[in-house]
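Student: Predicted model and sequence follow; I will ask about them next.
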Amino acid sequence: MASIFMDNLGKVYTGGVRAVTGVNLDIADGEMIVLVGPSGCGKSTLLRMVAGLETISEGSLKIGDRVVNNLEPADRDIAMVFQNYALYPHMTVYNNLAYGLKNRGFAKSEIQRRVNEAAQMLEIGQFLDRKPRQLSGGQRQRVAMGRALVREPAAFLFDEPLSNLDAKLRVQMRVEIRQLQKRLGTTSLYVTHDQLEALTMADRLVVLNGGQIEQVGTPMELYSRPATTFVAGFIGSPAMNMLSSEYLRGLVSAEALSHVPTQADLIGIRPEDLSLAAPKDGEISLTGTLMLLEPAGAESHLHLRFDGHDDMIVARLPHVPDVAEGAKLTFSLPRGKLHPFDRASGKRMA
Amino acid sequence: MASIFMDNLGKVYTGGVRAVTGVNLDIADGEMIVLVGPSGCGKSTLLRMVAGLETISEGSLKIGDRVVNNLEPADRDIAMVFQNYALYPHMTVYNNLAYGLKNRGFAKSEIQRRVNEAAQMLEIGQFLDRKPRQLSGGQRQRVAMGRALVREPAAFLFDEPLSNLDAKLRVQMRVEIRQLQKRLGTTSLYVTHDQLEALTMADRLVVLNGGQIEQVGTPMELYSRPATTFVAGFIGSPAMNMLSSEYLRGLVSAEALSHVPTQADLIGIRPEDLSLAAPKDGEISLTGTLMLLEPAGAESHLHLRFDGHDDMIVARLPHVPDVAEGAKLTFSLPRGKLHPFDRASGKRMA
Amino acid sequence: QVTIEWWHALGGELGELLEGVAEGFNASQSDFVVRPSFRGTYTETMTGAIAAFRANQQPHIVQVFEVGTGTMMAAEGAIYPIYQLMEDKGVPFDPEAYLPAVVSYYTDPNGNMLSFPFNSSTPIMYYNKDVFEAAGLDPETPPATWADVEAASIAILESGAAPCGFTTSWPSWVMLENFSAWHNIPLGTLANGFEGFETEFVFNNELVARHWDNLKAWQDAGAFRWGGPGPGPDAFPAFYAGECAIVFGSSASRAGVLRNTDFNVGFGFQPHYDDVEGAPQNSVIGGATLWVLTGKSDEEYEGVARFFEYLSQPEVQAEWHQDTGYLPITQASFDLTREQGYYDENPGADTSILQMTLNEPTENSRGLRFGNFVQIRDVISEEMEAVMTGAKTGEQATNDAVRRGNDLLRQFEAGLN
Amino acid sequence: MQTKRMTFSSKWLPYALLAPQVIITLIFFIWPASQALYQSFLRQDIFGLRTNFVWFDNFNRLFADPLYLNSLKVTLVFSLGTTFLSMSVALLFAVMVNRMIRSRDSYTTFLVWPYAVAPAIAGVLWWFIFNPSIGIMPYMLKGFGYDWNHRSSSTDAMILVIIAAAWKQISYNFLFFLAGLQSIPHSLIEAAAIDGASRFKRFWTIVFPLLSPITFFLMVVNVVYAMFDTFGVIHATTEGGPAQATNILVYKVYRDGFVNLNLGSSAAQSVILMAIVIVLTVIQFRYIERRVNY
Amino acid sequence: MVENNRWGNFFAHLVLILGVAIVIFPVYVAIIASTHPPGTFIRGVMPLLPGPNALENYKTVITEGRSRAGTPPIGGMLWNSFVMAMAITLGKLSISLLSAFAIVYFRFPFRIFFFWVIFLTLMLPVEVRIVPTFQVVADLGMLNSFAGLSIPLIASATATFLFRQFFMTVPEELMEAARVDGAGPMKFFKDILMPLSITNIAALFVIMFIYGWNQYLWPLLITTDPEYYTIVMGIQRMVTGGDSEPLWHLVMATVVLAALPPILVILFMQRLFVKGLTETEK
Ligand SMILES: Nc1ncnc2c1ncn2[C@@H]1O[C@H](COP(=O)(O)OP(=O)(O)OP(=O)(O)O)[C@@H](O)[C@H]1O
Ligand SMILES: Nc1ncnc2c1ncn2[C@@H]1O[C@H](COP(=O)(O)OP(=O)(O)OP(=O)(O)O)[C@@H](O)[C@H]1O
Ligand SMILES: O=P(O)(O)OC[C@H](O)CO
Ligand SMILES: [Mg+2]
Ligand SMILES: [Mg+2]
């Protein structure tokens, strides 16, 4: 187990594509860090730089107290779980787990012990003689985890390990991985583009954008105080609605927006902050036409059109209201739930 | 436009696999029916029987007032949108849209008019000269829709039309399709295995299981009164918790469960019905140990272990509580929110 | 034991008989072993040996058909003339013992024998007596002139006795080379090349052109069937199948003919045009001789010489002649065969030798000696094919053949400098 | 050209891995090829005892020789004929087999194994079947009033070699077409059916265009096969005749080089053939590279 | 259902049965011919039904061969063909696997150059460079040897290319996982890549074996010693009879026997073969 220090890491691929720029991140021993960001933002690249699968173009990387910039992946004492699992298709589950240990010259008995232990922990004991193709997706995922476990490495690296599973299994495996990681206390770096995974699993969440860190913090911090419009739009589903402050000022009393910095020309509103209850004191009230009502079991999404505003505004209610499409609806919104941004820089203003 | 009548439809594949059994379903003119169910339950088979792509082994199928059992797909006046879009890769978008009209001998001017109209409606006018591979996933999806539209058929059939899109696009296209369908008022049969799609799009939802209909009804009906444990487990995420009534009776006062039929040996509880508020009058109170707290922005999932109960119980709260893992928490639950089932038959008891 | 490699081109039954000869030699002494190796057609055998020579892998003895003679003779340094070989090894060898036609064909201008005569043949006519009879023809009188052949063919066709009158193997050999000798007209200048390499072809004459045109006309009428170029591989099957009543082919085909037919076979001379003065003259020999290649050890050449000595014995020669149909190439073996009463028992077996010795050879009927003639023969059969496919007239084809042939002759000459 | 996004790093290992292949290529291909180039400027007697340097004489002779030009033409007709025949028959079989469910494997088995028969043997078999005197085909054709003789009819000869050469290639083409058909998403055909296209129309407007990458690939492969690998077929059947009507380039190289021992001309022909091959190689390679990314 | 209809199926079966008949016909002819007494075909039109001499003909071919007519007994030729085909096959497979591995899994100077050098041989069959190649082999003293029969034919752009195509489709992550698991290049090659390529190897095995077995011109040129004759050239020898007719009944028996091994190989490996071919195709 070890901590990981990234000092100004950067990556330029041969061919000149710049994938990662100036990443500074210290990961504490035993911490679970989740990397999120849109496709192509450099998540995998950063992870692979840590793994040793990509050379490091700039900066330095320490795992524990060794600078590992020039070490082979095998020598970095890390284990990795791949998106498509990368199980050796021609080997039995047992051999998949044992391969890394064999290559490192472990004694047979030690290998056996470790494999069995991991198999038990992951409940794949009865599959040890099967080939990967004879396993279901979830079982394969467990084997991939097992291959990482047996090595008892200083750090786990995960690159979207659950994205090939169906929704139900994804939830289940998510919980399992998180529990296991907590139990073993192994430092982990986890890449995903699934929001829910990011929010639920991370000790700290790192949002990458264009190869740079946008914001680092606990999931709650990022959710409640996104530092940029990018993070605001990225975290939360349905995504945060964005209105120009000018437009908003035309709708509500000046006093209601008094706490919003005047320079903030963009205001974000989370769909779940809109409610149909009559506006209480100090709450903002907004009226729009219901274009589409999407009931979804316990909750519902309302797609609204506000006069003079091009994009639809979405509200998310924890129940299904008894209203018809085409109706004019009035929503209330606590003043404190406005997220003010500067449109040009995308920065949060307060 | 037409209604569709399925009278005791059944399908046995050559080779003997029975995929669909005794399906009775009347679809009203202009209605949007969504078929859901786990993989392999026969959704596609049923849809393809309607399309004429599979022979009908048993029962009879009427579209409008014609029995179409033995009609070629081309003669059934339906249009279909495939999961992988099935766009003709060697034809331009224009020709993809026009192909069906050409085959039916429409005049050139009429073809042009209809294609342009559809293209405008779907905002793909500027891509008409491109080949499908030059389009993004969302654009392809639109072309596939367009191909169905131009024909102005009596019914649309959709087989998981959105499952190849990424999450964001899926939400957007879902809304578009639903709005379009409402506007055109074309009878539609829509297959998906995505819950949210099913709940949000359907006029009526049909849950299939093992080739048979489990339940038909509006999304709300299915959500609030699932007729079987299967439907209960299938609709809603996280899935409904299931406790044996015996176990539950040991936890709470007999009086609290007095309204539950004694034969009901399985009780379902939706995660969102559990709340941390102090139990009000007539509410049940349950205490468990918090194993894992998953904050997820505006809401959070709590994975709990109840003494003497093997499976974890999940609670879903509309906020993130300030509690530590390992804490003992007490939840309250309105009595009316218990879903009583018969374990053996899986049937709802009240 | 010293092994002597002998490459030859006799397949099928002839090959088996040839192996018998080698076995005879091997059994007759214990110092040397002759190992025959079948190398395909005459052409393949010769060119294979030459290619092997270039790669230093040549055999000791290679069987080269008569048309390769010019090429081989010119290859000083590659061949070991046998008169010299026999002299070097002190093995008695008397060229005079051989038939004059054979000797003259294979000696250099100084009268030295360069290769060892082994299997000489000449083309004769084989005909199906049963068909002749069925067509109302006299089965004991083979047609003597081309007019007779035509008439017989028509009779056969019209009577329905067979669907084809005649065919030929080795078309160039039969329908040009022997045809010219038989009618005593030249193929090329300088005594058909016997007097030097600067020779030129002259067979683009009226007679050859007429004959080729006739062949084409007969083919169209169904009287003639083209049996393929080179050795004419389809000719004998057509005869055996009873399709063609007459086939022209090597006298060495006799063994196969007797084995493969279940009808009565008659033998006859080649036909001639009776309006040509001096015809018939005599036929020229074909078949092959054995050439010795350089680059081997003395001891091995000793074995070669001993083998040739064995082959010269009248008994060996006579048996070979009788079994195969090749000519008796020494006077002694001819006499021996006659004494044994073979010709009386096998009427027609002497057709070949009678035909070959019909008259004293002239410049035009002694044989031919042209460089590159292997390729030139290809050219000739090709041009004949062009007549048969209707692409050219006899005159055009003979002219083209002469032109292309001369070109190859000049290339051959150029290669010598 | 692509590699893996991550590669092994070793200075010498890749060269060591390539060495056997490259050495063999150099010794048995590049060196002989350069020898051919050198020899194409020489004139030698057949025993190789005398050599003259003649510059472009051999090439000039070739291009002045109507027979060489004829051979080019013959090669073209033969290659295209063989390609067309074997591909169209194979496509027909593949389409038919592709409809089958249970019998698919059995038919495939039967259709695949002619691939195992050597061209030389195939030639012998077809020679036997088409032999004007003893063959079964001429006999049957006579029944239809056609007098078959590939010895004296250029057309018959060409038909014979095309049939013999195409026969062997059917299996190969069949396999690829079948694979191609199976890789066409079934939903496209269903979409076309819903779009009201008849069976026939579905084939020509959807299936056939989608097969075009494979068709093109096979076309190049077949043309190359016909140009180079059919030596045995020609040798065993017509030997280039009658009157050079089936004398394709490769056969001519062989005859001029190994039968006529006209090494200079043969070498010059080899050089020309190599040039043709290189052009075809480049076309093929470009195309395959593109298709990989398709 | 779209493609199923009774008449269509009937028609398809009809076409296929006819097709199979045509495709099989030449070999059927050979089998029939090999069962007749000598001379049957020469004397008339070939029969279409088996004759009485099957046992005898095959016995002759197998036990005596036609040694006196230029070809050694068939057993030896079959063995030579087998050795040559196997040497070519294994040689081609191994050097192609190695070079494809180098080209795909390494980055080094002149990589593309080497690839082109190899690729250029793709379409240069031995026939095209026959004369100088013969010369080289002769100069190296490899005439009349198994080395001469096989080594010059071992370079294989086809196999290299197909392996390259296949390696490109092997998921990147497998190699990365192996490296994280501590495997070096050769270990990865042996433990992961080779086992994964097994269907491709099988497909190429079939193709290469047949290629090797069916070689005709090359053995014809470089062997002069009957010890090294292969069966296919042996057949060609048997049909060039000079002035006597080939013994067709024996030739055809030999043809049947000569075709048997490659056909067995193809049938035996058909599944892998078809799979390997079609998979690399995509
Ligand atoms: N081997 C490579 N060579 C050149 N550019 C590369 C390479 N791999 C990735 N890139 C580029 O680097 C950038 C970051 O890629 P990366 O794979 O790290 O993104 P990602 O965040 O993991 O995306 P995704 O969510 O799609 O997996 C992209 O622009 C990508 O195109
Ligand atoms: N052509 C076929 N032949 C035989 N059985 C089939 C065929 N197609 C489907 N089946 C079987 O019929 C059953 C229903 O298949 P179907 O494709 O309708 O399921 P589905 O509900 O659409 O599943 P998914 O969500 O995975 O698409 C499955 O058991 C399947 O294996
Ligand atoms: O078949 P052969 O041995 O008689 O020879 C025939 C001719 O001489 C070939 O040129
Ligand atoms: Mg990634
Ligand atoms: Mg489906």
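Tutor: It's in. Ligands and ions are numbered 1, 2, ... in the order given.

Student: rest of the way, CA atoms for contacts and neighbours
Tutor: Fine.

Student: Show me where the stretch 151-300 of chain A dips below the pLDDT cut-off.
Tutor: By pLDDT under 70, the stretch 151-300 of chain A has no low-scoring segment.

Student: Next one: the residue of it found nearest ligand 2 from ligand 3, what distance?
Tutor: Going by CA to the nearest ligand atom, ligand 2 is nearest to A:Asp166 of the stretch 151-300 of chain A, at 11.1 Å. The gap separating A:Asp166 from ligand 3 is 81 Å, by CA to the nearest ligand atom, to the nearest Å.

Student: Do any residues in the helix or strand where D:Arg286 lies lie close to chain E?
Tutor: Using DSSP states H and E, D:Arg286 sits in helix D:263-292. Yes: using CA under 8 Å from any CA of the partner chain as the criterion, contacts between helix D:263-292 and chain E involve D:Leu263, D:Ala267, D:Ser270, D:Leu273, D:Met274, D:Val277, D:Ile278, D:Thr281, D:Val292.

Student: Output the contacting helices and strands for the strand or helix carrying A:Leu199.
Tutor: Here A:Leu199, judged by DSSP H and E, is contained in helix A:195-201. In terms of contacts (3 or more CA pairs under 8 Å, 6 or more residues apart in numbering or on different chains; DSSP states H and E), helix A:195-201 is packed against strand A:32-36, helix A:167-184, helix A:219-224, strand B:283-296.

Student: right, and the helix or strand after that helix?
Tutor: Per DSSP H and E, the first helix or strand lying C-terminal to helix A:195-201 is strand A:204-209.

Student: What residues sit buried inside that next one?
Tutor: By 16 or more other CA atoms under 10 Å in any protein chain shown, the buried positions in strand A:204-209 come out as A:Arg204, A:Leu205, A:Val206, A:Val207, A:Leu208, A:Asn209.

Student: What strands flank that strand, and is each parallel or antiparallel?
Tutor: strand A:32-36 (parallel), strand A:212-217 (antiparallel) (DSSP bridges).

Student: Deepest in the core, which of the helices and strands packed on helix A:195-201 is it.
Tutor: Across the helices and strands packed on helix A:195-201, averaging neighbours per residue (mean count of other CA atoms under 10 Å in any protein chain shown) puts strand A:32-36 on top, at a mean of 27.

Student: Give me the angle between that strand and helix A:167-184.
Tutor: 140 degrees (axes from the mean of the first three to the mean of the last three CA atoms, to 10 degrees).

Student: Just the mean pLDDT for the helix or strand following strand A:32-36, thanks.
Tutor: Using DSSP H and E, the helix or strand that follows strand A:32-36 towards the C-terminus is helix A:43-51. The average pLDDT within helix A:43-51 is 93.

Student: is helix A:43-51 anywhere near chain D?
Tutor: No: judged by CA under 8 Å from any CA, helix A:43-51 stays clear of chain D, getting no closer than 10.4 Å.

Student: Can you point out the buried residues in that helix?
Tutor: Buried, per 16+ other CA under 10 Å, within helix A:43-51: A:Lys43, A:Ser44, A:Thr45, A:Leu46, A:Leu47, A:Arg48, A:Met49, A:Val50, A:Ala51.
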